[in-house]
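1. Model the following, please.
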Amino acid sequence: MKKFLLTLMALVFCFGAANAFIDKYTINRDELPEPAREMLDEHFPKAKVSMIKVDRHLLKKTDYDVRLVNGTKIEFSNKGKWTSVDCGKREVPEALVPRAIMKYVTKNHSGLKIVSIRNRNAGYDIGLSDGVTHRFNLLGQYKGLSEK
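-> Next up is the predicted model:
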């Protein structure tokens with residue numbers, strides 16, 4: 001009997017732990033942290049959400065992947081801060097791009113638009129409409145081409 005209870009408890013524990021890391025899909029904006037909802041309302045006010053993936057990790061905190069109906073993909077950290085925005089062929093909202101980077105792109109790559117931006121710990125990766133990704137530090141200084 002003791003063995004049976006111990007086995008049953010282990011089974012229940014394993015099932016609960018496995019469920020804790022299953023991703024959840026929704027279209028409800030209320031599943032996002034407040035800063036993420038504010039960012040969507042401010043920079044993509046008319047865009048409708050087609051999917052929100054609540055991505056639970058074993059050792060990392062939860063993050064959120066949002067897809068808009070227009071094809072834009074936005075990733076948020078567990079605190080609701082955006083980590084990447086990929087607008088496909090459309091331009092990333094100018095307010096998301098640091099001024100120094102915007103100035104560099106306008107001066108050196110006129111005619112191209114910024115279609116993706118990734119916020120890294122050491123700076124930014126900027127994807128241009130020609131398909132090339134450039135790397136910048138936190139101050140907006142150009143550091144070269146980004147490696148995939």
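
2. thought Cys132 was touching Leu145?
-> Small correction: residue 132 is Val, not Cys. Yes. Taking contacts as Cβ atoms under 8 Å, Val132 lies within contact range of Leu145: 6.7 Å. For every residue, glycine as well, the C-beta is placed using N, CA and C.

3. Nearest residue to Asn78 in space, please, no chain neighbours.
-> The shortest distance from Asn78 to any non-neighbouring residue, by Cβ to Cβ, 6 or more residues apart in numbering, is to Lys61 (3.8 Å).

4. Quick one: residues contacting Asn49.
-> One thing to correct before we go on: residue 49 is Val, not Asn. By Cβ atoms under 8 Å, 6 or more residues apart in numbering, the residues touching Val49 are 27, 29, 40, 66-69.

5. worst-scoring helix or strand of this structure, pLDDT-wise?
-> Sorting the helices and strands of the chain by mean pLDDT, DSSP states H and E puts helix 2-19 at the bottom, at a mean of 54.

6. Do a quick rundown of the helices in the protein.
-> Counting by DSSP state H, the chain has these helices, from start to end: 2-19, 34-43, 99-108.

7. State the distance from the residue nearest to Asn78 to Pro33.
-> Computed as Cβ to Cβ, to the nearest Å, the Lys61 to Pro33 distance reads 11 Å.

8. Neighbour count for those two, which is higher?
-> Higher neighbour count among Lys61 and Pro33: Pro33, with 16 against 10, using other Cβ atoms under 10 Å.

9. hang on, isn't the more buried one packed against Asn78?
-> Yes. Taking Cβ under 8 Å as the definition, Pro33 is a contact partner of Asn78 at 7.4 Å.

10. Name the residues contacting each of these two.
-> Common neighbours of Pro33 and Asn78, using Cβ under 8 Å, 6+ apart, are Tyr64.
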